[in-house]
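The following comprises the amino acid sequence and a computationally predicted model.
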Amino acid sequence: MKYLFMMAFLVCSMFSQFSAQQKQDPWNESQLMDPALLAARITENKTKDVVIISVGPEAIIKGSVDIGPTHEPENLEKLRNYLKNIPKGKEVVIYCGCCPFVKCPNIRPAFKLLQEMGFKNAKLLNLPKNIKADWLDKDYPTND
């Protein structure tokens, strides 16, 4: 009986943490971009209307701009300054990939900033595991 109670408690705790995390996420499902879609657009040279920004430790994706980890205030300010000259209707795709979404310290502040600045077509690259598993291991285009 104790075992069942403990298991139920753990499941409830995990669900409440997941639910709390979902409430904190500033993006919705339609704002997640599939990595295969972005990779295809890069490969087909169809990214002239897209700004791709790394808000993590390194700009790995081909054509992306390196801002640095946006959990650091100076890099969040660097992102703000970079975005000042970008039209608000332009598609802006951010990514990090340092770790799973639920643990990433960089994507939430960066995405919130995009929203605060009024970007209408903000996207988060859907890298739920990390940049290695969700991009590199699939041989998607990289900055060489």
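Ah, there it is.

lowest-confidence helix or strand of this protein?
Lowest on mean pLDDT, DSSP states H and E among the helices and strands of the chain sits helix 2-24, with a mean of 43.

After that helix, which helix or strand is next?
strand 32-33 (DSSP states H and E).

Against which helices or strands is that next one packed?
Under the contact definition 3 or more Cβ pairs under 8 Å, 6 or more residues apart in numbering; DSSP states H and E, strand 32-33 sits against strand 121-125. Where you see a C-beta, it was placed from the backbone N, CA and C, and this is true even at glycine.

Restricting to C-alpha, output the strand it packs on in CSV.
Taking C-alpha atoms only, strand 121-125 is exported to CSV below (Å, rounded to 0.1, in the frame of the first residue of the first chain):
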residue,chain,number,x,y,z
ASN,A,121,6.2,35.6,-36.6
ALA,A,122,8.4,34.4,-33.7
LYS,A,123,9.4,30.7,-33.8
LEU,A,124,11.3,28.4,-31.5
LEU,A,125,13.1,25.6,-33.2
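
strands paired with it, and their directions?
Paired strands of strand 121-125, with direction, are strand 32-33 (parallel), strand 91-95 (parallel) (DSSP bridges).

who's in contact with the longest one?
In this case it means strand 91-95. Strand 91-95 is contacted from outside by 33, 38, 49-56, 61, 64, 83, 86, 107, 110-111, 114, 119, 121-125, 127, 131, using Cβ atoms under 8 Å, 6 or more residues apart in numbering.

how far off strand 121-125 does the very next helix or strand once past that strand point, in degrees?
With elements assigned by DSSP H and E, the helix or strand that comes after strand 91-95 is helix 107-116. Between helix 107-116 and strand 121-125, the angle comes out at 170 degrees (axes from the mean of the first three to the mean of the last three Cα atoms, to 10 degrees).

Okay, buried residues for helix 107-116 please.
Within helix 107-116, the residues that count as buried by 16 or more other Cβ atoms under 10 Å are 107-114.

could these go into JSON lines alongside distance to residue 95?
Listed next are those as JSON lines, based on distance: Cβ to Cβ, whole Å:
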{"residue": "107", "distance to residue 95": "8"}
{"residue": "108", "distance to residue 95": "13"}
{"residue": "109", "distance to residue 95": "14"}
{"residue": "110", "distance to residue 95": "9"}
{"residue": "111", "distance to residue 95": "11"}
{"residue": "112", "distance to residue 95": "15"}
{"residue": "113", "distance to residue 95": "15"}
{"residue": "114", "distance to residue 95": "12"}
